[in-house]
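Peer 1: Next input, structure requested:
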Amino acid sequence: MRSASFTTTIIIALSLPFSHAFQASKRGVVPVVVTNNDAPPPQLTSNNLKQQLTSSITTTLTAASLFLSTTIVTTPTSAHAVSGGGLDYAGLDISNQNYSNGNYKGKDFTQVIAKAATFANSNLQGCRFYKAYLVSTNFEGADARGASFEDTSMDDANLKNIIAVGSYFGQSLLDVKSMENGDFTDAQIPIKTLKLVCDREDVRGSNPVTGVDTRESLMCL
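Peer 2: Have a look, this model is predicted:
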């Protein structure tokens, strides 16, 4: 009868959740059923069962932790999901900051507030300044080939010596401080704006890097 009682106990203990099995172990020694009837059943003490339960829980928690850490590492953040690798400077206020002599190729400056900031002699190829606030911003000597300056505010912006080949401008180009020695070859400028640009006295000279005449680059007659 004792053997049958022990067999029933271990089956019930193993079929219950860990917490119930742990409570069952507090009642005493629980034998393990073996197929060899002649061999005495090995004794599994309450402490041993606690150790096994603790080991199982630890293993489960470790696996869960590894899974969560892997998920966190491999899940892209929202910043990396935008603009092919980041929001860059979009929407930031970088007024009065110095970004001269830097490489910002392909960066996104959409709706940036860059009042009196300087990008002098920096690489701005392919940068996007769409709807940016560029009042008194210094672009002197910058390489802005293929950059977008559409729908911007460019009052008193300095475009002297700029390389703006294939860049995009809006009506605000009329408000800049200087276009002297700029290279605007193949730049996209509204026709009505271009006519007024060509009347500016500072549309003169030639670019010190490309050697292109400023008026010729704008196709001014």
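
Peer 1: Give me the residue ranges of this structure where confidence is low.
Peer 2: 1-87 (pLDDT under 70).

Peer 1: residue ranges of the helices in it, please?
Peer 2: Here the chain has its helices, by DSSP state H, at 2-15, 18-25, 46-74, 191-197, 214-217.

Peer 1: For the last one, C-alpha coordinates in PDB please.
Peer 2: Listed in PDB are the C-alpha atoms of helix 214-217, where the atom choice follows Å, rounded to 0.1, in the frame of the first residue of the first chain:
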ATOM      1  CA  THR A 214      28.300  82.900 -62.200                       C
ATOM      2  CA  ARG A 215      26.200  84.600 -64.800                       C
ATOM      3  CA  GLU A 216      26.800  81.900 -67.400                       C
ATOM      4  CA  SER A 217      25.900  79.200 -64.900                       C
END
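
Peer 1: And the contacts of it?
Peer 2: 165, 179-185, 187, 198, 203-207 (CB atoms under 8 Å, 6 or more residues apart in numbering). (Glycine included, C-beta is placed from N, CA and C.)

Peer 1: Now with 6 Å, please.
Peer 2: N181, G182, D183, F184, T185, V203, R204, G205 (CB atoms under 6 Å, 6 or more residues apart in numbering).

Peer 1: Can you get me a residue count around the last one?
Peer 2: As a burial measure, the neighbour count of G205 was computed by other CB atoms under 10 Å and equals 15.

Peer 1: Quickly check the contacts of helix 214-217 for the two that are furthest apart.
Peer 2: T185 and R204 (15.7 Å; CB to CB).

Peer 1: Which one of the two is surrounded by more residues?
Peer 2: Neighbours were counted for T185 and for R204 using other CB under 10 Å; T185 has more, 20 against 14.

Peer 1: which ones are touching that one?
Peer 2: By CB under 6 Å, 6+ apart, the residues touching T185 are V165, V212, S217.
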